[in-house]
Structure formats: structure tokens, C-alpha cells
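A.B. asks: Just to be clear, the model below is a prediction. Sequence and coordinates:
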Amino acid sequence: MATPTTSGTSADASMESSTGEVTHHQVVVVGGGTAGITVAARLIRRRRGAIDVAIVDPASDHFYQPAWTLVGGGAFRPERTRRPEASVIPPGATWIQAAVEEFDPEHSRLKTAAGQWIQYDSLVVAAGIRLKWNAIKGLEETLGRNGVCSNYSFETASYTWQCIREFSGGNAIFTQPPPPIKCGGAPQKICYLAEDYFRSAGVRDKSRIIFASAEATIFAVEKYRKVLERVIERKGIETMYRYNLIAVSPDTKEAIFENLETGDELALQYDMIHVTPPQGPPDFIASSPLADAGGWVDVDQYTLQHRRYENVFALGDCANLPTSKTGAAIRKQAPVVVNNLQALLAGDAPAARYSGYTSCPLVTGYGKLVLAEFDYDKQPEETFPFDQAKERYSMYLLKKYGLPLLYWQGMLKGRA
């Protein structure tokens, strides 16, 4: 969650001060990102406004992060991925613009960083994931300059495009850390776009492109792995599996990797390097009674209800669900949370179930995309009546134009 900043509110949404006496709300949603806004909007639409929903989040801006890959590839304007947070707060919801400091689920309450206690009948935790930039030695000091870029930040995604555009040959490295990470396909997508651009710019024959991943394969689902391996072969990309980036040295322009099988270190020269940072649960969740041993919110993977506190639900990146952390997964999780929360409020047992569905729109070049959709068992769960394990222009258009519209006008409005 971002550092608190001041912001206006929409005409239809109210906003509470983050200081003062104890307040109470029927449903409190922690997190004003994709998951939190989608659940709040669905609840309010479903109950026709006859429900008291508060959203707790300090951010002043809301981002459509799936487009940052295209921003980094020069195919999407960065300003189109950002809107004021106030503009996405559902009409009828109360926005408490504050960071959460402490959960007290035994007493159905939480405390903000400003010291305000908020009590709830039901709690939905949708606080996202923490980017651990400082886990890679030297990264924070050089990120956004000296050829070191990342699409995992709004502030640095545009610099990725600058690096690709100005690349004149040499070593271009693209990294992927150990899971879990949000948008698990993003580290490889920018690699494919860069290779496309280098070829069109006439520098491909002077370039060595390396994809270094802590994973053992390019993709976990066999149906899509096969087509991606053919893409890698066609593009002449070198793969280094089970290698994890641990340091960046801007003075020598070296990337230091650890071999996860042997523990040995390997230094590679780079002219540009796209870094996907290690990721983990937000600290205020990891240190709370809501967390499992790994620090994630401990929920049943099918009902999304907390395993110990029945009036608590979680979804999105902060939940310990054994599936890829994507916006598409949230789109399927949100109705389950809403249905089960409503059942709880009505005194019934939660009956809605989440299959583990997630989706990775894998951009394999400009105008090409493989739409991977699958469930908990890594089995395809596809939407369209054709083989989605093929590169298609139509799916690229869906990614670039259709999905942003679905996001802003569908998911965040509680309609899709």
C-alpha cells in the first residue's frame, strides 16, 4: 500500500478522517486496488446501496498494472494506466484514506497508522503484494537509470521503453525471481517485445538476449509451455533456468546471479537489464493473526473465507491461494467473496467456490498473444471456442483494447 497522500473525493463517495474516535462499518475492505474496489462495487450493486461499506487505503492514485508491459514496449501510453483513487471509489462507499497498522480479528477491529480503530461486522482483506526492491543488492540505487529498468513500477515502466529504444547492441538481460509474483508472465513478455523491436531496429544481430529465471521452465502449464518454447527458439533467446538475480553492480554493469541448484554465483555483463523484483506479503499482514506461516492471509482456497476467523475473507495477491496472482484471477474470486460474505451476513454457510481460475495474456511480440487460462490443477480453463495455445493478433487486440475497457467500466463498477 502506498504512502498516504491527500486527495479529493468523488461527488458520490464519502471520506472519513483517519484520526479521531472509534468508527464502525458493516463491511470493511482493506485495499483500494483491483480486488478491493471490485468487491466493494459488487457488494453495493448487489445490495442496491443498502449496505455500509468502507474502503481503507492511503493511495491517491489507482493503476491499471496489466498494461505496464505494453508501456515498457512502447505500445501503450503510461498516463492511460493511472486515475485518481477517488474516481474509482464506488458511489455509496466510505473511503478512509489511511494505512492499516494492526489487525485485531478477535475483537473484529483494525487500527490505522494514525491510531484510529475501525470495527467491522465483516472484513475483506485485499491489500496486494509488496515489491522487495531492496532484496537485490544495488538495485534501488540504480533502478531507472544506467540501463536498469522494470515494468513493475509506474515510475520506471517508461524507462524500459527508453532502454529498448536506445539499445544499440550487446547484452540484454530479463529476470524472473522465485514465486510468488504478480503477473507471472510479465517477466518474459517484455523480453519478447524487446526482441521484436531489436529486430525491426536492425540491432538484433549485434544483441545477446538472455532470459534468466528462478523457475525450472518457461511456464507451468504444459499446453502453453510448448508454444512458448517454440517462441523462444524462433527468437533465439538464451534461457537460464534456476538462476536468481541477487545483485546489480552499476559501476561494472554486472548482474550477479545465484544458481539455485548449486549455490554458485555467476556474473554477467549487461547493456540493459529488465528486473522483476522479489515479492512478498505486506508487512502489516505478515505480522498479524490473519497470516499463515508464509505471511499471506490464510484462507480456504475454495470459499476464500479465513480458516480461523469466519467473518474475514481475502482475495487477490495477499491471499495464500495456490494460483497465479493476476487481475483475471481476481475477477473470478470477487463474486465468490461477495456471495459467501452475503451468505454469512444472512446467517447461512458459504457455498460459492473458486476453482483457482487465472489467466496470463502472454504477449509474444507486437501483434501476437497467447491467452493462457487455467485452474488450480494447471488444467486449461479457456474462454474462447478455439485453441488458445496459438499466437493470435485478435488476442493481442483484446489485451490492448478490450481488457482495459473491461477493467475500468466492468470490474471496477461491479458489472463484470
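C.D. replies: Ah, there it is. Quick caveat: nothing in here was measured; it's all calculated off a predicted structure.
A.B. asks: all helices in this protein, in order from the N-terminus.
C.D. replies: Using DSSP state H, the helices found in the chain span residues 34-46, 68-72, 139-142, 154-166, 186-200, 222-235, 283-286, 327-345, 393-397, 403-409.
A.B. asks: In this structure residue 392 contacts residue 368, no?
C.D. replies: Yes. In this structure, residue 392 is within contact of residue 368 by Cβ atoms under 8 Å, at 7.2 Å. Quick note: C-beta positions are derived from backbone N, CA and C, even for glycine.
A.B. asks: before we move on, back to that, let's have the helices of the chain in a markdown table, adding mean pLDDT, mean neighbour count and distance to residue 96.
C.D. replies: Formatted as a markdown table, the helices of the chain follow (pLDDT from 0 to 100; neighbours: other Cβ atoms under 10 Å; distance: least, Cβ to Cβ, whole Å):
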| stretch | mean pLDDT | mean neighbour count | distance to residue 96 |
| --- | --- | --- | --- |
| helix 34-46 | 97 | 26 | 12 |
| helix 68-72 | 98 | 26 | 27 |
| helix 139-142 | 96 | 16 | 30 |
| helix 154-166 | 98 | 19 | 23 |
| helix 186-200 | 98 | 23 | 31 |
| helix 222-235 | 98 | 16 | 41 |
| helix 283-286 | 98 | 18 | 15 |
| helix 327-345 | 97 | 22 | 19 |
| helix 393-397 | 98 | 16 | 39 |
| helix 403-409 | 98 | 16 | 23 |
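A.B. asks: so where's this structure shaky on pLDDT?
C.D. replies: 1-20 (pLDDT under 70).
A.B. asks: Can you name the residues that contact the closest residue to residue 179 other than its chain neighbours?
C.D. replies: Spatially, and ignoring its direct neighbours in sequence, residue 179 is nearest to residue 215 (7.3 Å; Cβ to Cβ, 6 or more residues apart in numbering). The contact partners of residue 215, taken as Cβ atoms under 8 Å, 6 or more residues apart in numbering, are 176, 178-179, 241-242.
A.B. asks: ok, so of those residues, who is nearest residue 350?
C.D. replies: Closest approach between these and residue 350, by Cβ to Cβ: residue 179, at 27.6 Å.
A.B. asks: For the closest one, grab phi and psi.
C.D. replies: With angles defined as degrees, to the nearest 10, residue 179 sits at phi -70, psi 160.
A.B. asks: burial measure for it, as a count.
C.D. replies: Here the count is done by other Cβ atoms under 10 Å, and residue 179 has 13 residues near it.
A.B. asks: Where do the domain boundaries of this protein fall?
C.D. replies: Per automatic domain parsing, the domain ranges recorded for the chain read 14-129+281-355, 132-279.
A.B. asks: Next, format these as a markdown table and append distance to residue 412.
C.D. replies: Formatted as a markdown table, the domains of the chain follow (distance: least, Cβ to Cβ, whole Å):
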| stretch | distance to residue 412 |
| --- | --- |
| domain 14-129+281-355 | 5 |
| domain 132-279 | 17 |
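A.B. asks: Out of those domains, which is closest to residue 408?
C.D. replies: domain 14-129+281-355 (7.1 Å).
A.B. asks: quick one on the thing from earlier: save the helices of the chain as a markdown table, and put in distance to residue 265 too.
C.D. replies: Output for the helices of the chain, formatted as a markdown table (distance: least, Cβ to Cβ, whole Å):
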| stretch | distance to residue 265 |
| --- | --- |
| helix 34-46 | 37 |
| helix 68-72 | 28 |
| helix 139-142 | 16 |
| helix 154-166 | 25 |
| helix 186-200 | 21 |
| helix 222-235 | 25 |
| helix 283-286 | 28 |
| helix 327-345 | 35 |
| helix 393-397 | 38 |
| helix 403-409 | 40 |
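A.B. asks: Grab the most central residue of this structure for me.
C.D. replies: With distances taken as Cα atoms, centre = their mean, residue 182 lies nearest the centre of the chain, 3.8 Å away.
A.B. asks: Am I right that that one is in contact with residue 326?
C.D. replies: Yes. Counting by Cβ under 8 Å, residue 182 touches residue 326, with 7.2 Å between them.
A.B. asks: what about the closest residue to residue 196 other than its chain neighbours, how many neighbours?
C.D. replies: The spatially closest residue to residue 196, leaving aside those adjacent along the chain, is residue 365, at 4.4 Å (Cβ to Cβ, 6+ apart). A count of nearby residues for residue 365, using other Cβ under 10 Å, gives 20.
A.B. asks: try residue 134
C.D. replies: Neighbours around residue 134, by other Cβ under 10 Å: 12.
A.B. asks: ok, it touching residue 141?
C.D. replies: No. Look at residue 134 against residue 141 with Cβ under 8 Å: they stay out of range, at 9.9 Å.
A.B. asks: hmm, back to that, now the residue nearest to residue 179: phi and psi?
C.D. replies: The phi/psi pair for residue 215 (degrees, to the nearest 10) is phi -80, psi 170.
A.B. asks: could you measure the closest residue to residue 411 other than its chain neighbours against residue 330, distance?
C.D. replies: Once flanking residues are discounted, residue 411 sits nearest to residue 38: 4.9 Å by Cβ to Cβ, 6+ apart. Taking Cβ to Cβ, to the nearest Å as the measure, residue 38 and residue 330 are separated by 6 Å.
A.B. asks: circling back: make a PyMOL selection of whichever of the contacts of residue 215 turn out to be buried.
C.D. replies: Restricted to buried positions by 16 or more other Cβ atoms under 10 Å, the PyMOL selection for the contacts of residue 215 reads:
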select buried, resi 176+242
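A.B. asks: How many residues are close by residue 50?
C.D. replies: Neighbours of residue 50 (other Cβ under 10 Å): 9.
A.B. asks: cool, the one 10 residues further on as well?
C.D. replies: Using other Cβ under 10 Å, the number of residues around residue 60 comes to 16.
A.B. asks: and the closest residue to residue 185 other than its chain neighbours, bridged to which residues?
C.D. replies: Once flanking residues are discounted, residue 185 sits nearest to residue 360: 3.9 Å by Cβ to Cβ, 6+ apart. Using DSSP bridges, the bridge partners assigned to residue 360 are residue 372.
A.B. asks: which ones are touching residue 360?
C.D. replies: Residues in contact with residue 360, defined by Cβ under 8 Å, 6+ apart, are 183-185, 219, 224, 324, 326, 328, 371-373.
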